[in-house]
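1. When you get a sec, could you give me coordinates for this:
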Amino acid sequence: MPIKIKPEILAKIRDKHAVDIEEVYEVFEGRFIFTRVKKNRYRVIGKTITGRYLTIFLDKVGVDLEVVTARDSTDSEKRFYKKETR
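-> Below is the predicted model:
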């Protein structure tokens, strides 16, 4: 499934959450946890190559996944990631 990100979403995650698009791609290149949170919304928790934990929310649009937001993971999300990737 291709992952897409609209320019306005890219600007939002960069300005509001200080997350670069490269970091989003790094999460998908490593180990990550993928869970469904609503009918067409998914949550991804993973780490960048520098060890930063990110939580990324995506919407399924047709056959594509579109990034809705990306931010630093909360403490509970980090614990969940560590538990699931042991």
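
2. Report pLDDT for the residue nearest the centre of the chain.
-> Taking Cα atoms, centre = their mean, the centroid of the chain lies closest to residue 56, which sits 2.1 Å from it. Looking at residue 56, its pLDDT is 99.

3. Which strand or helix spans it?
-> strand 53-61 (DSSP states H and E).

4. which helices and strands sit right next to that strand?
-> helix 21-29, strand 41-47, strand 64-72, helix 75-84 (3 or more Cβ pairs under 8 Å, 6 or more residues apart in numbering; DSSP states H and E). In this view, the C-beta of every residue, glycine as well, is placed from N, C-alpha and C.

5. Which of these sits closest to residue 35?
-> Proximity to residue 35 (Cβ to Cβ) singles out strand 41-47 among the helices and strands packed on strand 53-61, at 5.2 Å.

6. Give me the residues contacting the closest one.
-> 26-28, 30-37, 53-60, 65, 68, 73, 77-78, 80-81 (Cβ atoms under 8 Å, 6 or more residues apart in numbering).

7. gap between it and the chain center?
-> 4 Å (Cα atoms, centre = their mean, to the nearest Å).

8. Can you check what angle separates it from helix 75-84?
-> For strand 41-47 against helix 75-84, the angle between stretch directions is 70 degrees (axes from the mean of the first three to the mean of the last three Cα atoms, to 10 degrees).

9. Strand 41-47: partners in the sheet, and parallel or antiparallel?
-> strand 32-38 (antiparallel), strand 53-61 (antiparallel) (DSSP bridges).

10. Please tell me how far residue 86 sits from residue 7.
-> Residue 86 sits at a distance of 38 Å from residue 7 (criterion: Cβ to Cβ, to the nearest Å).

11. brain fart, residue 70
-> With Cβ to Cβ as the criterion, residue 70 and residue 7 are 14 Å apart.

12. The two: which is more packed in?
-> Of the pair residue 70 and residue 7, residue 70 is the one with more neighbours under other Cβ atoms under 10 Å, namely 25 against 7.

13. Pairing partners for the more buried one in the sheet, please.
-> The partner residues for residue 70, given DSSP bridges, come to residue 56.

14. before we move on, the earlier item: any chance of the strands paired with strand 41-47 in TSV with distance to residue 11 as columns?
-> TSV is the format used below for these (distance: least, Cβ to Cβ, whole Å):
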stretch	distance to residue 11
strand 32-38	24
strand 53-61	16
